[in-house]
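Trainee: Here is my input; please provide its structure:
(one chain, ligands or ions: 1)
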Amino acid sequence: MLVPAGRVGEISEDTCVAVGDGTAVVVRVGDTVKAFRNRCLHQDSSLDGGWVRDGVLSCPLHFWRYRVSDGTNIGSTVRLDELEVRITDGEAFVEVPDPPPPRTLREQLLDRARTYDRDASWQTRTERP
Ligand code: FES
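Mentor: The predicted structure follows:
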């Protein structure tokens, strides 16, 4: 699903902004517009409202930092899910995946418990130089 993100020149260079239904965030560095899935790799928080400085996006919750150029977490090799951005007549559009079918809270919690690796999350953090 293609969702509008606004005119390229009007997309903030200081913060990332949620687009569409909040599934994605967009950031701009110069003339380059990037879009990522709106989920931090640390604890799954929204990246919406995160700061962008010198090409680095900081999560607003615990300040994990990601390179806007490719979504790589600084200090590790994990990477944000990048979404396709299309520019048409100065307007940016983001290719957002269709939402998954609705699930019960129980299903969501079980999926989260199966995939969340707390040790790996904290290990990544402590391996930083
Ligand atoms: S949830 Fe993003 S840094 Fe913790």
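Trainee: And the ligand, is the one helix or strand Leu110 maps to touching that?
Mentor: Following DSSP states H and E, one finds Leu110 within helix 105-115. No. In terms of Cβ under 6 Å from any ligand atom, no part of helix 105-115 sits within range of the ligand; the closest distance is 13.6 Å. Yep, even glycine has a C-beta here, placed from its N, CA and C like the rest.
Trainee: State the mean pLDDT of that helix.
Mentor: Throughout helix 105-115, pLDDT has a mean value of 92.
Trainee: which strands and helices sit next to that helix?
Mentor: Secondary structure elements in contact with helix 105-115, counted by 3 or more Cβ pairs under 8 Å, 6 or more residues apart in numbering; DSSP states H and E, are absent; no helix or strand qualifies.
Trainee: what comes into contact with it?
Mentor: Asp44, Arg103 (Cβ atoms under 8 Å, 6 or more residues apart in numbering).
Trainee: Centre of the chain to that helix, how far?
Mentor: Offset of helix 105-115 from its chain centre (Cα atoms, centre = their mean, to the nearest Å): 21 Å.
Trainee: Dump it to PDB, restricted to CA.
Mentor: Provided in PDB are the C-alpha atoms of helix 105-115 (Å, rounded to 0.1, in the frame of the first residue of the first chain):
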ATOM      1  CA  LEU A 105      -4.000 -10.300  22.600                       C
ATOM      2  CA  ARG A 106      -3.100 -13.800  23.600                       C
ATOM      3  CA  GLU A 107      -1.700 -14.600  20.200                       C
ATOM      4  CA  GLN A 108       0.300 -11.300  20.100                       C
ATOM      5  CA  LEU A 109       1.800 -11.900  23.600                       C
ATOM      6  CA  LEU A 110       2.700 -15.500  22.700                       C
ATOM      7  CA  ASP A 111       4.400 -14.400  19.500                       C
ATOM      8  CA  ARG A 112       6.300 -11.700  21.400                       C
ATOM      9  CA  ALA A 113       7.400 -14.200  24.000                       C
ATOM     10  CA  ARG A 114       8.600 -16.600  21.300                       C
ATOM     11  CA  THR A 115      10.700 -14.100  19.400                       C
END
